[in-house]
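# Below are the sequence and a predicted model; questions follow.
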Amino acid sequence: MKIVTKRARFKNPLYLQSGRILEPYEIVYESYGELNEARDNVIVVCHALSGSHHAAGLYDGDRKPGWWDGLIGDGKAIDTEKYYVICTNTIGSCFGSTGPMSRIYPSNEPYRFKFPVITIKDMVKAQRILFAKLGIDRVKAVIGGSMGGMQALRFAVDFPNFAEKIIALAATHATRPWVIAFNEIAREAIIRDPDFKGGYYDPEELREKGLTGLAIGRMAGHISFLSHASMDRKFGRDYVPNEGLYELFGHFQVERYLEYNGYNFSKWFDPLSYLYITKAINLFDLANGFESLDEALERVRSRLYLIGFERDLLFLPEEMRQIDEAMERVGKGELSEYYEVKSDYGHDAFLVEIDKFSDYIASVLEE
């Protein structure tokens, strides 16, 4: 599989939903496979909160592949022998596209809290501008899970002629209080951490030792990514060997797992990006700018494939069904299909139980 990573720079202002502008800005993107002569084999993949443009394959020297490697590649469901796949790093992220730690042109000072609040709509608008620059005006499909699914749905409403098919997994039409509450725990933990220094931390220092506030926030968030059943299977009531059961700071395996993942995460993900991206997730509402969800969906011309996960506690499967029902109400039922994955893993099933839906996605793309 051919992997190409590039950076695009834009000098024209990006007008944001908030009324502010971003100028100039950059987008890092990665492509897999080859663009055919007719330019009609393009699939856009959108990443979730902590994802990046590196969706598949291995970089030289890496042991861990891209975050959706099980789905994207030669002979896989998103077959890079057939399709030209593009994944961009969203604006606001910390993996190369313009975000809060990017410098404010023409100075060398980073934006930090001067970075404007961005929305999912802004992320998608920036991507659409990139694709226009690349000469891609219509694609076979836009696919994404969680925050990536939000982006896919925004493509359907904001750019109704752009994609033949929209495949959204484990997402919602509007972020509900449960998700906002978990994000608030993370945001407060980050902001109240003295090492955050009011946003004026040294990023090199955090890469070395991490940030306790971000680690705690990620621990809370990680609980919402799993389910009772998946935690029971993975950890049970097992205790960490060599730690006394009646020692106050002895650990159950689930506690050790959360600590390890939380503190490790805080060494490679930027805390300001976390604040900005969770804000974008909280603000997401497909009906924003319309009288209702029904009115927003009246714009849809792509075929919608809405994939929910049975035991997803973060974005309930009923939230995806509601989109399908709304499409029926506005007379576009023939353009919408709901598919529920039987899984008790939880929200992260869209990343780790790919075998349960890969055949479905392959069949959708081949229709």
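Yep, it's here.
# Return the set of buried residues in stretch 12-21.
Within stretch 12-21, the residues that count as buried by 16 or more other C-beta atoms under 10 Å are Leu14, Leu16, Gln17. For every residue, glycine as well, the C-beta is placed using N, CA and C.
# Name the nearest of these relative to Leu275.
Leu16 (16.5 Å; C-beta to C-beta).
# residues contacting the closest one?
By C-beta atoms under 8 Å, 6 or more residues apart in numbering, Leu16 lies in contact with Leu22, Pro116, Val117, Ile118, Thr119, Asp122.
# surely Ala229 meets Asp344?
Yes: taking C-beta atoms under 8 Å as the definition, Ala229 is a contact partner of Asp344 at 3.9 Å.
# that older thread, now the buried residues of stretch 12-21 in JSON lines, please, with extra columns for distance to Thr278, pLDDT and secondary structure.
JSON lines is the format used below for these (distance: C-beta to C-beta, whole Å; pLDDT from 0 to 100; DSSP: H, G, I helix; E, B strand; the rest coil):
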{"residue": "Leu14", "distance to Thr278": "21", "pLDDT": "98", "secondary structure": "strand"}
{"residue": "Leu16", "distance to Thr278": "17", "pLDDT": "98", "secondary structure": "coil"}
{"residue": "Gln17", "distance to Thr278": "16", "pLDDT": "97", "secondary structure": "coil"}
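# From those residues, pick the one nearest Lys76.
Leu14 (33.4 Å).
# Can you name the residues that contact the residue nearest to the closest one when sequence neighbours are not counted?
The shortest distance from Leu14 to any non-neighbouring residue, by C-beta to C-beta, 6 or more residues apart in numbering, is to Leu22 (4.4 Å). Residues in contact with Leu22 (C-beta under 8 Å, 6+ apart) are Pro13, Leu14, Leu16, Ile91, Thr98, Pro116, Ile118.
# Tabulate these (TSV), appending secondary structure and distance to Ala56.
Converted to TSV, the contacts of Leu22 look like this (DSSP: H, G, I helix; E, B strand; the rest coil; distance: C-beta to C-beta, whole Å):
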residue	secondary structure	distance to Ala56
Pro13	coil	32
Leu14	strand	27
Leu16	coil	30
Ile91	coil	22
Thr98	coil	24
Pro116	coil	31
Ile118	coil	25
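# which intervals of the chain have sub-threshold pLDDT?
Scanning the chain for pLDDT under 70 picks out nothing.
# Against Gln253, how distant is the spatially most distant residue from the centre of it?
What lies farthest from the middle of the chain is Tyr246; by C-alpha atoms, centre = their mean that is 40.6 Å. For Tyr246, the distance to Gln253 equals 17 Å [C-beta to C-beta, to the nearest Å].
# wait, His47 sits on Ile86?
No: if you go by C-beta under 8 Å, His47 and Ile86 don't touch, sitting 11.6 Å apart.
# mind listing the strands for the stretch 1-150 of the chain?
For the stretch 1-150 of the chain, the strands defined by DSSP state E, counting those that start in this stretch cover 3-10, 14-15, 21-22, 25-32, 42-46, 72-73, 78-79, 84-88, 139-145.
# Serialize the ones you listed to JSON lines and add fields for distance to Gly210.
Compiled in JSON lines, these are given as follows (distance: least, C-beta to C-beta, whole Å):
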{"stretch": "strand 3-10", "distance to Gly210": "26"}
{"stretch": "strand 14-15", "distance to Gly210": "32"}
{"stretch": "strand 21-22", "distance to Gly210": "29"}
{"stretch": "strand 25-32", "distance to Gly210": "24"}
{"stretch": "strand 42-46", "distance to Gly210": "27"}
{"stretch": "strand 72-73", "distance to Gly210": "30"}
{"stretch": "strand 78-79", "distance to Gly210": "34"}
{"stretch": "strand 84-88", "distance to Gly210": "27"}
{"stretch": "strand 139-145", "distance to Gly210": "26"}
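# circling back to that earlier point, quickly note the distance from the residue nearest to Leu14 to Ala186.
24 Å.
# what do you get for Lys82?
Taken as C-beta to C-beta, the span from Lys82 to Ala186 is 39 Å.
# With Val85 instead?
Distance from Val85 to Ala186, by C-beta to C-beta: 31 Å.
# So between those two, which is more surrounded?
Val85 (28 against 22; other C-beta atoms under 10 Å).
# Enumerate every residue touching that one.
Ser31, Tyr32, Gly33, Val42, Ile43, Val44, Val45, Ala55, Ala56, Ile72, Ile78 are the contacts of Val85 under C-beta under 8 Å, 6+ apart.
# now those residues as CSV including neighbour count?
Formatted as CSV, those follow (neighbours: other C-beta atoms under 10 Å):
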residue, neighbour count
Ser31, 20
Tyr32, 24
Gly33, 25
Val42, 24
Ile43, 26
Val44, 28
Val45, 29
Ala55, 28
Ala56, 24
Ile72, 27
Ile78, 24
